[in-house]
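In: this is a predicted model, with the sequence first.
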Amino acid sequence: MKINLSILILGVILWSNSILAQKKNIPFNHPKIKYEGRIAFKDSAACINWSGSSISLNFKGSEISAILKDADTANYYNVILDDSVISKIQLDTVKRNYVLASGLSEGKHKIQLYKRTEWGKGQTFFYGFVTNENDKIVSPSKPKKKKLEFYGDSISCGYGNEVLNGQDSGTGHFENHYLTYGAITARHFDAQFHCIATSGIGITISWFPTIMSDTYDLTDPHDKNTKWDFDQYSPDVVVINLFQNDSWLVNMPKHEQFKNRFGSEKPKEDFIIKAYENFVKTIRAKYPKASIICALGNMDATKVGSNWPNYIVKAVENLNDKKIYTHFFEYKNTPGHPKVNEQSAMADSLIAFINQKIKW
């Protein structure tokens, strides 16, 4: 019996289309998708920038994927299934579907995309998840009661923390914010988590024109017009870990940013203390009830003989606020930025301090 070739081809096409039609799109603005971090919502996508931002969905099904596009190719995300990291993905500048998990057992699962890399690696556009047609979308877990927020520099970003040879690398491949002291601390306390951090940034001066007071209040750090609504998120505890970059740059009179910020003279101690004090005042004004931890370390700004912890102590004393604390991480005394084990030690230190000082 002969089969007409055109009929066979048509049958294959129809069969293929029926398979594709069995997929279900869960758009980025679906009410059961849960976001954490400062997210900029556009008409067609959620725009992800800050380190540690995440997107989660609870579902019942055997597989799930996500539709994503990146402004660069330097961004990486952890794929977290049922609270365990199962892979990392590097994004492309082409909008496409990324399979996150497949072959899953029956029952409820939680998928999470967690931004490993900092905003300087570019923006990510998240358009939604894709599941099988008959899979069920489940309501998100109850919101975590505790809330943490961090303001920091490369240490808080996790710059080069997965480099294994003891050196540094600014490529996204070696940056894993999930294993920074801030993220570890948040998971320990089962707390919601926001991280506003930029490698190279400072209070009085940065390695580039902007300082923390220019970016602390932005939803999208690429766009100065996207002011964050601080009423959306009121942390119980705020951690500020800044001054590492200042400690270098105030001694570099030939650097362009030194000239732009200070002219020809190194800033006096009073200026440095006042600048820190003013930034903490700004954060206090946004969060009148929060406990604020003014931290520093664990790079050479906290080595023996450094004046920078003393500047913070004096600033906090001047503020005379019983809910503002100081906490300094021990100088790690190793090359480069803190690696995973050193970030973990910082988390242990911070967790112990919070347990001792703060009731929440």
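Out: Right, received. Where do you want to start?
In: shaky segments in the stretch 1-150 of the chain?
Out: Residues of the stretch 1-150 of the chain meeting the criterion pLDDT under 70: 1-21.
In: geometrically speaking, which residue is the centre of this protein?
Out: The centroid of the chain falls nearest to residue 51 when counting by Cα atoms, centre = their mean (1.9 Å).
In: for the stretch 101-250 of the chain, which segments are assigned as strands?
Out: With DSSP state E, counting those that start in this stretch as the criterion, the stretch 101-250 of the chain has strands at 108-115, 124-132, 136-138, 146-152, 191-197, 237-241.
In: wait, doesn't residue 61 sit right on residue 105?
Out: No - with contact defined as Cβ atoms under 8 Å, residue 61 does not count as touching residue 105 (10.4 Å). Using the backbone N, CA and C atoms, a C-beta is placed for each residue, glycine as well.
In: name the residue in those two with the higher neighbour count.
Out: Neighbours were counted for residue 61 and for residue 105 using other Cβ atoms under 10 Å; residue 61 has more, 22 against 7.
In: any idea how far the more buried one lies from residue 281?
Out: For residue 61, the distance to residue 281 (Cβ to Cβ, to the nearest Å) stands at 49 Å.
In: please apply the same query to residue 329.
Out: Residue 329 is 23 Å from residue 281, where distance means Cβ to Cβ.
In: and these two? Which one has more around it.
Out: residue 329 (23 against 14).
In: give me the nearest residue to the more buried one, chain neighbours excluded.
Out: Nearest residue to residue 329, sequence neighbours excluded (Cβ to Cβ, 6 or more residues apart in numbering): residue 297, at 3.0 Å.
In: contact partners for the one you found?
Out: Neighbour list for residue 297: 155, 241, 328, 329, 330, 331, 332, 346 [criterion: Cβ atoms under 8 Å, 6 or more residues apart in numbering].
In: would you reformat the residues you listed as a markdown table and include distance to residue 81?
Out: Converted to a markdown table, the contacts of residue 297 look like this (distance: Cβ to Cβ, whole Å):
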| residue | distance to residue 81 |
| --- | --- |
| 155 | 29 |
| 241 | 31 |
| 328 | 37 |
| 329 | 32 |
| 330 | 35 |
| 331 | 38 |
| 332 | 33 |
| 346 | 27 |
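In: in this structure, what residue spans correspond to helices?
Out: With DSSP state H as the criterion, the chain has helices at 5-20, 154-157, 181-188, 212-215, 244-249, 256-262, 269-286, 308-319, 340-357.
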